[in-house]
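> Predicted coordinates and the sequence they were generated for:
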Amino acid sequence: MAPILDENTLEFVSRSSEQTQRLGARLGALLQGGDVICLEGSLGAGKTRLAQGIGRGWGVSQTLISPTFVLVREYARSGESLRFGEPSRLYHIDLYRISGAEEAWGLGMGDFLGDARAICIIEWAERARALMPSDHLWIRLDFTDHTRRALYFTAQGKRHTALLQKFRQVAFGA
Ligand SMILES: Nc1ncnc2c1ncn2[C@@H]1O[C@H](COP(=O)(O)OP(=O)(O)OP(=O)(O)O)[C@@H](O)[C@H]1O
Ligand SMILES: [Mg+2]
C-alpha cells in the first residue's frame with residue numbers, strides 16, 4: 001500500500017531487504033543527471049540497501065558498497081563508455097563521519113552535487129542539510145522491526161516532484 005498524502009509525499013512499508021532493493025531499482029531506472037537522492041535513517045535502517053537497488057536500476061553492473069570510510073564512491077553505467085560524449089556517473093556518498101556542512105563542503109561535496117551529468121545518492125544527508133540543492137528527493141527510513149522499514153518520500157522542487165509522481169506510477173500504478 002502506498003497512501004497518497006499529496007503530490008510531494010509518499011509512504012511505504014517494506015517487508016524485506018529485497019523489497020527495499022526492488023523499490024530502489026524502480027526509482028533508479030527513472031533517474032537522470034542532476035538528480036539528488038537524500039537518505040536519512042539510523043544505523044542499519046536500510047539506506048545502503050536502498051542505494052544498491054537504485055544503482056542497479058540506474059544501470060551499475062556491480063553492487064554498490066557502503067562508502068562510509070571513503071565519503072564517496074563513483075560508478076559508471078554499464079555499457080556507457082561505448083557511447084560518445086562524457087559518460088554520466090553515479091556518486092554514492094556517506095556523510096556519517098562528517099561533522100557538518102562545512103566539513104562536507106571542504107571535502108568536495110559541492111563538486112558532486114553541482115555535476116549536472118551525475119546522480120547523487122547521499123546517506124546521512126541530514127548531517128549537511130544546508131548543502132543539499134533546493135530541488136531534491138528526501139527519503140527517510142524508519143526501523144519498524146527486524147524485517148520491516150517504513151519509508152517516507154518527500155520531494156522538494158519541480159523536478160523531483162515530477163520524479164516522485166513518475167515513481168508512484170511505475171511502482172504502485174497510482
Ligand atoms: N525491509 C528492509 N529494508 C532494508 N533492509 C532491511 C530490511 N529488513 C532487514 N534489513 C536489513 O537491515 C540492514 C540494513 O543495512 P544497511 O547497510 O542498508 O543500513 P544503513 O541504513 O545503510 O546503515 P548505516 O547507517 O550503517 O550505513 C541489512 O542487514 C538488511 O538486510
Ligand atoms: Mg549505509
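Here it is on my side, so go on. Ligands and ions are numbered 1, 2, ... in the order given.

> Show me where this protein has its helices.
Using DSSP state H, the helices of the chain run over 17-28, 47-58, 101-106, 109-113, 158-172.

> how about a markdown table for those, with mean pLDDT added?
Converted to a markdown table, the helices of the chain look like this (pLDDT from 0 to 100):
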| stretch | mean pLDDT |
| --- | --- |
| helix 17-28 | 98 |
| helix 47-58 | 98 |
| helix 101-106 | 94 |
| helix 109-113 | 92 |
| helix 158-172 | 96 |
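
> With respect to S134, which of the ones you listed lies nearest?
helix 158-172 (9.7 Å; CB to CB). Every residue, glycine included, has its C-beta placed from N, CA and C.

> quick one: that closest one to helix 17-28, angle?
130 degrees (axes from the mean of the first three to the mean of the last three CA atoms, to 10 degrees).

> And helix 158-172, what does it pack against?
Helix 158-172 is packed against strand 9-14, helix 17-28, strand 136-143, strand 149-156, with contacts defined by 3 or more CB pairs under 8 Å, 6 or more residues apart in numbering; DSSP states H and E.

> so what's M1 scoring on pLDDT?
pLDDT, M1: 53.

> Please look at E7 and K166 and confirm they touch.
No: contact criterion CB atoms under 8 Å: E7 and K166 do not qualify, at 11.4 Å.

> now the residue in the chain that ligand 1 sits nearest to: how far from I54?
The minimum distance from the chain to ligand 1, using CB to the nearest ligand atom, falls at G46 (2.9 Å). Here G46 is placed at a distance of 12 Å from I54 (CB to CB, to the nearest Å).

> quick one, which of those two is more surrounded?
Higher neighbour count among G46 and I54: I54, with 29 against 26, using other CB atoms under 10 Å.

> Could you find the closest non-adjacent residue to the more buried one?
Residue nearest to I54 in three dimensions, not counting chain neighbours: G28, with 3.8 Å by CB to CB, 6 or more residues apart in numbering.

> and if you look at S42?
Leaving aside its sequence neighbours, S42 sits nearest to F143 (CB to CB, 6+ apart; 6.3 Å).

> what do you get for G108?
Nearest to G108 is V72, by CB to CB, 6+ apart, at 7.9 Å.

> which residues touch whatever residue of the chain ends up closest to ligand 2?
Residue nearest to ligand 2 within the chain (CB to the ion): T48, separated by 3.3 Å. Residues near T48 by CB atoms under 8 Å, 6 or more residues apart in numbering: L64, S66, E123.

> Now stretch 125-143: buried residues?
Judged by neighbour count using 16 or more other CB atoms under 10 Å, the buried positions of stretch 125-143 are 125, 127-128, 131-133, 135-141.
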